[in-house]
Every structure is written in structure tokens, then in C-alpha cells.
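*Asks:* got a sequence here, can you build the structure:
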Amino acid sequence: MSLLNSFGSKVTLRITGKDYTIYRLRALQECGIAKVQRLPFSIRVLLENLLRNEDGKNVTRKDIERLATWDPTRKGENEIAFTPARVLLQDFTGVPAVVDLAAMREAMVKMGGDPKKINPLQPVDLVIDHSVQTDFSGTSDAFAKNVSREFERNQERYQFLKWGQQAFANFRVVPPATGIIHQVNLEYLSPVIFSRKEGGKTFLYPDTLVGTDSHTTMINGLGVLGWGVGGIEAEAAMLGQPVSMLIPEVVGFKFSGKLPEGVTATDLVLTVTQMLRKKGVVGKFVEFYGTGVGELSLADRAVVANMAPEYGATAGFFPVDQETLNFLRLTGRSEEQITLAETYLREQSLFRDGGDERIVYSDTVELDLADVTMSLAGPKRPQDRVTLKEVKPSFKAMMAETVKNKKDLAKKASLEIAGEKCELAQGAVVIASITSCTNTSSPSVMMAAGILAKKALQKGLNVKPWVKTSLAPGSQVVTDYLAASGLLSCLEVLKFNVAGYGCMTCIGNSGPLPEPIAKAIKEKDLVVASVLSGNRNFEGRVHSQVRANYLASPPLVVAYAIAGTVLIDLSKDPLGTGKNGKPVYLRDIWPSSAEIREAMKSVDPAMFRNRYRKPSKEMIPGARLWRLRGTPLYGTKNLFM
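*Replies:* Now for the predicted structure:
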């Protein structure tokens, strides 16, 4: 830990009969240097980091004083050395880092040294979630087939990662088919407060991290400061080197009121993204405050934090408060861990418990949550928010720019899919996917999708035959609570079967379109669409043949799969005809808040404990394949103990 203690901040804190060493932020206030209560929470986290890592070289007394006297009117001019508590990797960007560690071990052997001395100095978690593709969908065996194909394609890489899992200290690998990196990080990996033994003492400090995925920012919803970096920066952090950064500007985003009936966290984040893109927050921290924050669940906050790269910020930070503690209990964290976090954070003035108005920000933005409406984003950029009635005009505007001959606007292709004859027209939705940690982290929107599916079935509606549907939950726990609520089966009837636990469609791993559809699009040069609950929708990202892509909440993904086209105004046009021969509108099947609350009763902390603490072959269907060359499933230690 720190070699210096210039401000006398190093003290002992006793919690539930145990002594912990901390670096008190209040010591700076007592010295007359900082008014801690007026600093943004994110700056306080950075300040604690400097206090704890003061060594006179990377972190000097002057660095601490400069940050402690943070001036909201001054743009980033001075650098500080930030030392994250841990590093988060996904399988694509993480493999090179493990390769470099292996190369260093090989070099150590050549020099006659002990290769086992080469290990990450900071804890590293690698989650395998970027490799699975939606090759199969809409069937009960889609998941098993996709996992099998995943291991066929990636056996060499997975063998290497399996070796790394067993070979390196301070290095954990979360196996394939477990969940999406950021949701697993939110639900299990983050301790919120780190406890580390060194020199006979136990030090407490905030969990902070950098990751090799841009959406590492999702963890800011849990009050944990972190963001995405490049591979070289991540490797340096793994080896104990600090990340050099400019002291950031912090934009305060004030929430007031509460979300209206029927409006989801997805609608909120698309609104926030549009507002902050217009504001301009590139290279800045955004910190959310105000009474409206208390009206948002932790999972909803995580949805907003996840999309920081889309609104341009380095991080979108929600300070820890009572709702954070509630989430820790919900996800099965121990009472000891929760008490440790609450006591430490309150002692450090890092616990949000009123007093927001005392904080001074570089700039502010305000939003009354009551003004948020049902929204999508598209057809090409996440910041291009559109309301339900604006979806059709937005697609037509894109068509006007894309199609030169007006006659082509009416092009259609006749085809047969699974024995059913149909016509594929411009604007047809060919991919409808509930995917990505952005939305699958929020039980309320996942339950909403299931409720909408149930009510649609009761009305006699079904998805159009040309729509490739898929469900990629962010963790296995999502499947558990959807099943417990009786809603998973409703989604499955509409062919939203679980296709895998990974990023999948959101990162372009949408797999092939059915051959008749792919052929029709190519031959007729059709402009078709996808609707997904992801976070990015640039042309060509989701699928090379799909030029229009709309981000939407999970229930809207199901609705557009039923409609089969984006050339519809779901605010007034019927989704289809019910079994009684009468038109069915979106408002007829949209979930009420009461229905969602009732479904949410199925979410049980035991589900999280079972999935993360007691893994088995039955719980992780990919476990059998992860047993490469007869090695134990989780190496020499149980990952989830």
C-alpha cells in the first residue's frame, strides 16, 4: 500500500469486531485543504485512490492537493495517476493480455528464473461472452446447438484460457455460457468494497476498475468507478502500473420526478443519450443526482451507466445509496459484505444520503423523469431517439436517401418459409433480438417482455414468419426468474427461445439469416430492419444485409416481431388481428406497472447464490465442454466460493 501518509489520513476503522486500515478523506477537510462534501462523489473516489497510493513518485502530495481543491470551472489540465483495484477482460480483447503473460513466463524460463513469479499484480477477471453466435434460434435446442458450435470454433482459444485460469494467481476466468461480462460483473464479480491483506493489516478501499470493453461503464450503476481502456493500458494496470489521466470535468445530471406508467429504463437511457450527445460530454465524467435517482432501481441505473460510450462520457456515475445495498441483498451478497460496504462508505463520505445540492459540478443537465416517453433509437445511431410515431417517418427518410428510384420503394419478394408463403417488403423486421447486458440486467424490462408475450398469445397474435427471433439473457439468473414467473414459456411460444448467454446480436454475432430471406434481400435489394435491445445500431453492425437498426426495450422488441415491419405507427396502428377477428393494439397488451411488480416477486436472492456460488454441470450447460482435457471445471479453486 502507500509508502507515504502526508496528511495523516491512515487510520484504523473497527467494523463488527474487526480492525481495518483506511485512508480517511475527512483528514483533508480537517487539514483545511478540501471541502469534501462539496466534491462530486466520483472525484472523492479518485481522491481516496491518490491518498492510498501516495509514494512521492507516481502520486505526490501536490497531486493530492490539486485534486482535493478540484475546481469545477477549470478544464482538465493536470494529470493524476489512477490505480484501479482490478482489471476486467472479455475473451476477444483479453486473450492478447494472457498471451503476453505467457510470453513473459517463457522469457523467465529462458533466463533460468521461476516462471510462477509472473502473475498479474492486480486481480483480473476474464469473462468469456463474445464468441457465441446466433447460428440457431427460435427452437428449444437453439442454446445447446449454439454452445456446441461455439466450442467447435474456439477450442484452441478456450484451451489456452483454461490453462491461464489454472496457471496464474490473481486471475479468474468465468466460463462460456455463464453470462454477459458486464452483467456478471454487476451481479457477482464486484465486491463494491475491496478488502486486502498486506503487511499484517487488512486494508479497505473502494472497488474501481478498468476494462477492455467500452461498456465497462455499466458498473458505475453500482457506485463502482470504472471505464473502458485499450489493451496496453489494461495490461499495465494488471502489472500494477497506474493509469495516467487528466483530472476530469464532472457534469451533474439531475433527475427529478418519476417515470410514467408504461415507460421503461430503456426509454430513459435513450433520452439521456440524446440529451448528453447534444450537450457534449466527451472525456468528462457524468454524475447523476437529485430526488429522481431514488426513484430508479439499481438495475435501471445500470442501464443508464452502460451506455456512457454512446452519450460520450468516460463514465456515468451513480453514488452508492440505500438502493445499492438493496441490490446487493437481492443478488445474494452476504450481510457481512453489505455491512462492511455501508460502514466504510458512510465513514468516507462516499454514501449518498441526501445533500446533493451541496455538490458543485462543472456543468449541469436536468430531466424530469415524468417527461420520458416510449422511445426507440435509429435507424443508424444510438443518439437518434425516435418516439413510436416517429419510427415510420425515420425509416422513410432513410429510404429516401438510400433508394434512388422511387419505384423501388414498393419492391416486394414472394417467398416460402417453413412451408408458409409470405411477402418480404421494404422495412420488414428480419431480426428481433432481446440481447445485451444493457437491458437484460433489468428484471423489470425482461418481465415486461414476458408479460407482453403472454398477453399477445392470449389475444391470438404471433410473430411474423420472416422474423429471426432470439433471446440472449445477460445471466442464467434471468432465465431462472423468467421461468419461475411462468413467462419464459410464453416467450418461447413466440420463438424467443434462449439462444445463448453472450453479447450475440448486439456485437454483430447475429448469425445467418434464413436462406430464403437472405436471397430475397439480395435479389430485390431490399432495405430491411432489425429491432434489438442492444446499445449500438450502426449500419452493418448487427448484420451485413440489414441496413436499418433500431434500439428498443425488450417488450418493444417482441411487439415489432409481431408487427413484422417498422413501417407502422404502434401508437395508433394495430399490431395484428386477434383470434376474435378484431384488431389488437399495442396498448391492449402493454404491461402495467402492477403486472410487472407482481412478476418481480419471482426474483429471489437464492437464484443468484445458486448460479454464482454453487456451479455444476446442470447449472452451466457449457460446463461439460469446458472440461477440456479432463481438467476440473473451475481449475484448482472454485471460482464462485
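*Asks:* can you list the buried residues in the longest helix that the chain contains?
*Replies:* Across the chain, the helix with the greatest residue count (assigned by DSSP state H) is helix 142-167. For helix 142-167, the buried set under the neighbour-count rule, 16 or more other C-beta atoms under 10 Å, comprises 142-144, 146-151, 154, 158, 160-165, 167. Where C-beta positions appear, they are placed from N, C-alpha and C, glycine not excepted.
*Asks:* kindly report the same for stretch 318-330.
*Replies:* Phe318, Pro319, Val320, Asp321, Glu323, Thr324, Leu325, Phe327, Leu328, Leu330.
*Asks:* repeat for stretch 332-341
*Replies:* Going by neighbour count (16+ other C-beta under 10 Å), the buried part of stretch 332-341 is Gly332, Arg333, Ile338, Leu340, Ala341.
*Asks:* do the same with stretch 592-602
*Replies:* Buried residues in stretch 592-602 (16+ other C-beta under 10 Å): Glu595, Ile596, Ala599, Ser602.
*Asks:* now for the helix or strand harbouring the second one, which elements pack on it?
*Replies:* Here Ile596 sits within helix 593-600, counting by DSSP states H and E. When contacts are defined as 3 or more C-beta pairs under 8 Å, 6 or more residues apart in numbering; DSSP states H and E, helix 593-600 packs onto helix 443-459.
*Asks:* from the rest of the structure, what touches the helix or strand just after the helix it packs on?
*Replies:* Downstream of helix 443-459, the first helix or strand assigned by DSSP H and E is strand 468-471. Residues from elsewhere that reach strand 468-471 (C-beta atoms under 8 Å, 6 or more residues apart in numbering): 134, 137-138, 142, 430-435, 463, 491, 494-499, 504-505, 510-511, 513-514, 517, 561.
*Asks:* now, these that are in strands?
*Replies:* Val430, Ile431, Ala432, Ser433, Ile434 (DSSP state E).
*Asks:* coming back round to it: quick check, nearest of the buried residues of stretch 592-602 to Leu487?
*Replies:* Ala599 (6.6 Å; C-beta to C-beta).
*Asks:* not counting sequence-adjacent ones, nearest residue to that closest one?
*Replies:* Closest residue in space to Ala599, ignoring its immediate chain neighbours: Met447 at 4.0 Å, by C-beta to C-beta, 6 or more residues apart in numbering.
*Asks:* please apply the same query to Lys411.
*Replies:* Distance criterion C-beta to C-beta, 6+ apart; nearest residue to Lys411, sequence neighbours excluded, is Lys524 at 5.0 Å.
*Asks:* pretty sure that neighbour sits against Ser414.
*Replies:* No - the pair Lys524 / Ser414 is not scored as a contact, 10.0 Å apart, by C-beta atoms under 8 Å.
*Asks:* the two: which has the busier surroundings?
*Replies:* Lys524 (16 against 11; other C-beta atoms under 10 Å).
*Asks:* residues contacting that one?
*Replies:* Lys411, Lys412, Ala413, Leu424.
*Asks:* out of the residues you listed, name the ones that lie in helices.
*Replies:* Filtering those for helices - DSSP H - leaves nothing at all.
*Asks:* which regions of the stretch 401-550 of the chain lie under the pLDDT threshold?
*Replies:* Per-residue confidence of the stretch 401-550 of the chain (counting by pLDDT under 70) places the weak regions at 407.
*Asks:* my read: Ser137 touches Val498, true?
*Replies:* No - between Ser137 and Val498 there is no contact under C-beta under 8 Å: 9.6 Å.
*Asks:* looking at the two, which is more packed in?
*Replies:* Ser137 (27 against 24).
*Asks:* leaving out chain neighbours, which residue sits closest to the more buried one?
*Replies:* Ser137's closest residue in space is Ser470 (C-beta to C-beta, 6+ apart), at 4.2 Å.
*Asks:* in the sheet, who's paired with the one you found?
*Replies:* Taking DSSP bridges as the rule, Ser470 bridges to Ser433.
*Asks:* tally of neighbours for it?
*Replies:* For Ser470, the neighbour count with other C-beta under 10 Å is 27.
*Asks:* next one: it from Ala606, what distance?
*Replies:* Using C-beta to C-beta, to the nearest Å, Ser470 is found at 28 Å from Ala606.
*Asks:* then Lys116?
*Replies:* Lys116 sits 38 Å away from Ala606, going by C-beta to C-beta.
*Asks:* and if you look at Asn119?
*Replies:* Distance, Asn119 to Ala606, by C-beta to C-beta: 35 Å.
*Asks:* helix or strand right after the helix or strand that contains Glu48?
*Replies:* Assigned by DSSP H and E, Glu48 falls within helix 41-52. Next helix or strand after helix 41-52 toward the C-terminus (DSSP H and E): helix 61-68.
*Asks:* what packs against that next one?
*Replies:* By 3+ C-beta pairs under 8 Å, 6+ apart, helix 61-68 packs against helix 41-52, strand 79-82.
*Asks:* next, the angle helix 61-68 makes with the first one.
*Replies:* What it means is helix 41-52. On the basis of axes from the mean of the first three to the mean of the last three C-alpha atoms, to 10 degrees, helix 41-52 is oriented at 170 degrees to helix 61-68.
*Asks:* could you say what helices and strands helix 41-52 packs with?
*Replies:* Using 3+ C-beta pairs under 8 Å, 6+ apart, helix 41-52 is in contact with strand 18-23, helix 26-30, helix 61-68, strand 79-82, strand 201-206, strand 225-228, strand 285-289, strand 315-317.
*Asks:* buried stuff in that helix?
*Replies:* Of the residues in helix 41-52, Phe41, Ser42, Ile43, Arg44, Val45, Leu46, Leu47, Glu48, Asn49, Leu50, Leu51, Arg52 count as buried by neighbour count, 16+ other C-beta under 10 Å.
*Asks:* which one is the last one nearest to, not counting chain neighbours?
*Replies:* With C-beta to C-beta, 6+ apart as the criterion, Arg52 has its nearest non-adjacent residue at 4.5 Å, and that residue is Tyr23.
*Asks:* got the contact list for the one you found?
*Replies:* Taking C-beta under 8 Å, 6+ apart, we find Tyr23 in contact with Ser2, Ser9, Lys10, Val11, Glu48, Leu51, Arg52, Tyr205.
*Asks:* which of those has the weakest pLDDT?
*Replies:* Ranked by pLDDT, the contacts of Tyr23 bottom out at Ser2, which has 55.
*Asks:* how near is Ser214 to Pro465?
*Replies:* Distance from Ser214 to Pro465, by C-beta to C-beta: 36 Å.
*Asks:* so for these two, which sits in the more crowded spot?
*Replies:* Pro465 (19 against 15).
*Asks:* low pLDDT regions in the protein?
*Replies:* Residues of the chain that meet the cut-off, pLDDT under 70, sit at 1-2, 76, 407, 614-641.
*Asks:* may I have the phi/psi pair for Lys396?
*Replies:* Main-chain torsions, Lys396, degrees, to the nearest 10: phi -60, psi -40.
*Asks:* good, we can wrap up now.
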